[in-house]
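In: Provided below are the primary sequence and the corresponding predicted coordinates.
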2 protein chains.
Amino acid sequence: EEVKDVSEPQIEYLVSWNEGPNKQSIIDFVKATTTPGSPDFVAPEDRIATFDNDGTLWSEQPYYFQLQFAIDRVKSMAADHPEWRDDELMNAAAMGDIEKLMSFGEEGLLKIVMATHSGISEEDFAKEVTDWINTARHPKTNLLYKEMVFQPMLEVLEYFRAHDFKTFIVSGGGIDFMRPWTKEVYGIPSEQVIGSSLKAKFELVDGKGQVIKTDGLNFIDDKEGKPVAIHQHIGKRPNAAFGNSDGDLAMLQYSFGTSGKSLQVYIHHTDGDREWAYDRESPIGRLNKGLDEAAANGWTVVDMKSDWATIYPKN
Amino acid sequence: EEVKDVSEPQIEYLVSWNEGPNKQSIIDFVKATTTPGSPDFVAPEDRIATFDNDGTLWSEQPYYFQLQFAIDRVKSMAADHPEWRDDELMNAAAMGDIEKLMSFGEEGLLKIVMATHSGISEEDFAKEVTDWINTARHPKTNLLYKEMVFQPMLEVLEYFRAHDFKTFIVSGGGIDFMRPWTKEVYGIPSEQVIGSSLKAKFELVDGKGQVIKTDGLNFIDDKEGKPVAIHQHIGKRPNAAFGNSDGDLAMLQYSFGTSGKSLQVYIHHTDGDREWAYDRESPIGRLNKGLDEAAANGWTVVDMKSDWATIYPKN
Ligand SMILES: [Ca+2]
Ligand SMILES: [Ca+2]
């Protein structure tokens, strides 16, 4: 009689990860929660993994990539907005004067996002984003921004999905800025992308409905907002949560409160040669309290320099 | 050489539907959008079908079932809330005096929902809902409320999913009231349930996070709110949308604006013997403008009495 080998096929996952306790902690978690008969087994429909985006799935230096998109939108929209000429903030954006722009603080950034992300149908906005993500390049690397995603994290996404986890993005970035490309780049469909959002309204045109993005702020998906957004969108705690900054701390603490076995991972940017090195003092992606909490709770802190054999996908 | 039969297996779907143009319109839509080579083919990852809940997937008379849940919560919570004794509204609820309760209008209902659905962790609330849905019975039918789901619609859900549509609930009902049982009853996981919601907050207890439902109103998922919620949660237009009242009209118009082939279905409650008969004048589930729009646009209007061979699942 033929004996079938029912053990897991020996596909090699996480090939861009160097061997070590951090890689092992991810593998141990997935094996413990997905192996039938394991005391930590989680039913497939309850397997949820959440991932921050900026600094966790792709780079975020010297400033969030979405800000560059907004600046590029200001430039292309400026001709139709003569009123911006006398506006110091919009002028700084149109000129690409980042230093000046940053001097307006978060309020200034929000104003630029409002001006460039609203008054447009969801389809037209998606087209603007798609055009940008397929052409815009990062000034330091000359790579397309969408090529500055982390190869080891693409492998984590694939590894989790191969084990029936649903993978979600939970980002402070704009939900409509991410959705047009997350399926192609990360394999994550729009309905599994959670982010910050502006308000929207319904309009009827010739008996057919459409949704228009408006300039009211709907939700900031950061810090304590992340678990609240997960509650509202998913309705289940994440068994695993990945982040890179103090903005992810509440999400990791929420995952840490899962009744069964759970996994919390911080990506620590330690590689100034291949990417950027920053943590406790960085204005972008500050990781300070999170590092302390990770140490206190035994969470996984990935050292990009030593844990990752590759940073960006090779073309 | 062996020739493989690659045609669709002849599983019989929609067995509780009588033959006729309404059943056929559903089948025609699914075949057109899922048969490879069809001019109306939709890629599997873009197949989205949205379903209203009250009156579309289960009954809603003589008043929304969630109101009975809230009333039962008031009764069980009353001993701990002596301040309710002097409150006319809460008293009416505790007494089950529906007529009196209704005299307070929507504001009164909202107040009862706030009082019974907040100040509780998401897990504890889910447990309350689960206990109720597994025990509470409808006074007219003596069935469990969860047995008063429409067998023909369960078959529609299954038929769509078998053709790689993702099925979503988009209901005016409370999101946290539905999620604990939609997977078991409808096969729809919590992350595919969209509904009205209260606000929530994050709390830290012994280093672990939890989400507490609070008494602020977050979102009313009704009328023009439905397409907006679909935009925020899913980020794609529904190729197919099912509803039963004017509260679903905007959702159907939104689906109707899909660039490709789409399907809009109204469930018309015409069977006073087996269920309830109501439409243009009903205070619950009014279908007035929607009937006119359906006729004008050629949408499918299901006649429960003649189209459905069965109403509720047979045990
Ligand atoms: Ca981040
Ligand atoms: Ca309804």
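Out: All right, it came through fine. Note that this is a predicted model, so its numbers are computed, not measured. Ligands and ions are numbered 1, 2, ... in the order given.

In: Doesn't A:Y159 belong to a helix?
Out: Yes - membership of A:Y159 in a helix is supported by DSSP: H, G, I helix; E, B strand; the rest coil.

In: So it versus A:V185, what's the distance?
Out: Between A:Y159 and A:V185 the computed distance is 17 Å (C-beta to C-beta, to the nearest Å). The C-beta positions use only the backbone N, C-alpha and C, and glycine is treated the same way.

In: next one: A:G96
Out: A:G96 sits 25 Å away from A:V185, going by C-beta to C-beta.

In: Just want to know which of the two has more residues nearby.
Out: Per other C-beta atoms under 10 Å in any protein chain shown, whichever of A:G96 and A:V185 has more neighbours is A:V185, with 17 against 13.

In: just checking, what packs against the helix or strand harbouring that one?
Out: Assigned by DSSP states H and E, A:V185 belongs to helix A:175-186. Under the contact criterion of 3 or more C-beta pairs under 8 Å, 6 or more residues apart in numbering or on different chains; DSSP states H and E, helix A:175-186 touches helix A:122-133, strand A:166-174, strand A:193-205.

In: B:P39: which of these is closest?
Out: Taking C-beta to C-beta, helix A:122-133 is the member of the helices and strands packed on helix A:175-186 nearest to B:P39, at 20.8 Å.

In: which secondary structure elements does that closest one contact?
Out: helix A:65-77, helix A:175-186, strand A:208-219.

In: what about 6 Å?
Out: When contacts are defined as 3 or more C-beta pairs under 6 Å, 6 or more residues apart in numbering or on different chains; DSSP states H and E, helix A:122-133 packs onto helix A:175-186.

In: Figure out how far the helix it packs on is from the centre of its chain.
Out: 10 Å (C-alpha atoms, centre = their mean, to the nearest Å).

In: now do stretch A:132-147
Out: Using C-alpha atoms, centre = their mean, the mean C-alpha position of stretch A:132-147 is found 17 Å from that of the whole chain.

In: and what of stretch A:100-107?
Out: From the chain centre to the centre of stretch A:100-107 is a distance of 23 Å (C-alpha atoms, centre = their mean).

In: What's the end-to-end length of that stretch?
Out: From its first residue to its last, stretch A:100-107 covers 13 Å (C-alpha to C-alpha, to the nearest Å).

In: Over to stretch A:137-146?
Out: The straight-line separation of the ends of stretch A:137-146 (C-alpha to C-alpha) is 9 Å.

In: ok, and for that stretch, which residues are buried?
Out: Neighbour counts over stretch A:137-146 (16 or more other C-beta atoms under 10 Å in any protein chain shown) mark A:H138, A:Y145, A:K146 as buried.

In: Would you mind naming what in the stretch 151-300 of chain A lies close to chain B?
Out: Counting by C-beta under 6 Å from any C-beta of the partner chain, the stretch 151-300 of chain A comes close to chain B at A:179, A:189-191, A:197, A:200, A:202, A:208-211, A:224, A:227-228, A:231-232, A:234-236, A:250, A:253-254, A:256-257.

In: Show the contacting residues for the most centrally placed residue in chain A.
Out: Nearest residue to the geometric centre of chain A (C-alpha atoms, centre = their mean): A:N53, 1.2 Å. When contacts are counted by C-beta atoms under 6 Å, 6 or more residues apart in numbering or on different chains, A:N53 touches A:I169, A:S171, A:G173.

In: and the gap between the closest residue to ligand 1 within chain A and A:M304?
Out: Closest approach of chain A to ligand 1 (C-beta to the ion) occurs at A:G55, with a separation of 3.8 Å. From A:G55 across to A:M304, the span is 10 Å (C-beta to C-beta).

In: go on, A:D222?
Out: A:D222 is 22 Å from A:M304, where distance means C-beta to C-beta.

In: What of A:S197?
Out: A:S197 is 30 Å from A:M304, where distance means C-beta to C-beta.

In: Am I right that A:N315 sits in a helix?
Out: No - looking at A:N315 with three-state DSSP, it is coil, so not inside a helix.

In: any idea of the pLDDT on A:I11?
Out: At A:I11, the model reports a pLDDT of 77.

In: Please disregard the earlier target; I meant A:G207.
Out: 88.

In: That one: neighbouring residues, count only.
Out: For A:G207, the neighbour count with other C-beta under 10 Å is 11.

In: do A:G20 as well
Out: Residues within reach of A:G20, counting by other C-beta under 10 Å, total 12.

In: Quick check: closest non-adjacent residue to it.
Out: Among residues not flanking A:G20 along the chain, A:D307 sits closest, at 6.3 Å (C-beta to C-beta, 6 or more residues apart in numbering or on different chains).

In: give the contact list for the residue of chain A closest to ligand 1.
Out: Residues in contact with A:G55 (C-beta under 6 Å, 6+ apart) are A:N244, A:G285.

In: Now do the phi/psi pair for it.
Out: Backbone torsions of A:G55, given as degrees, to the nearest 10, read phi 80, psi -10.

In: Grab the nearest non-local neighbour of A:W84.
Out: In space, A:W84 is closest to A:M90, 3.8 Å off (C-beta to C-beta, 6+ apart).

In: Excluding sequence neighbours, find me the nearest residue to A:K236.
Out: Nearest non-adjacent residue to A:K236, counting by C-beta to C-beta, 6+ apart: A:I48, 5.1 Å away.

In: Was I right to think the one you found contacts A:R237?
Out: No - using C-beta atoms under 6 Å, A:I48 is not in contact with A:R237, being 7.2 Å away.

In: Okay, strands next: where are they in the stretch 1-150 of chain A?
Out: Under the criterion DSSP state E, counting those that start in this stretch, the stretch 1-150 of chain A contains strands at A:48-51, A:120-121.

In: As JSON lines, the ones you listed with mean pLDDT would be great.
Out: Converted to JSON lines, the strands of the stretch 1-150 of chain A look like this (pLDDT from 0 to 100):
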{"stretch": "strand A:48-51", "mean pLDDT": "99"}
{"stretch": "strand A:120-121", "mean pLDDT": "97"}
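
In: circling back: these two touch, right, the residue nearest to A:G20 and A:E19?
Out: No - using C-beta under 6 Å, A:D307 is not in contact with A:E19, being 9.4 Å away.

In: And those two? Which one has more around it.
Out: Between A:D307 and A:E19, counted using other C-beta under 10 Å, A:D307 has the larger neighbour count: 22 against 10.

In: Please report how far the more buried one lies from B:G216.
Out: Distance from A:D307 to B:G216, by C-beta to C-beta: 42 Å.

In: again, but for A:K100
Out: Counting by C-beta to C-beta - A:K100 and B:G216 are separated by 38 Å.

In: State the phi and psi torsions of A:T258.
Out: A:T258 adopts backbone torsions of phi -60, psi 140, taken as degrees, to the nearest 10.

In: per-residue confidence for the residue lying closest to it once chain neighbours are set aside?
Out: Using C-beta to C-beta, 6+ apart and skipping residues adjacent in sequence, the residue nearest A:T258 is A:R237, 4.6 Å away. With respect to pLDDT, A:R237 has a value of 98.

In: what about A:R237, which helix or strand?
Out: Per DSSP H and E, there is no helix or strand for A:R237.

In: how does chain A divide into domains?
Out: A:21-62+A:146-198+A:216-307, A:65-120 (automatic domain parsing).

In: out of those domains, nearest to ligand 2?
Out: domain A:21-62+A:146-198+A:216-307 (20.6 Å).
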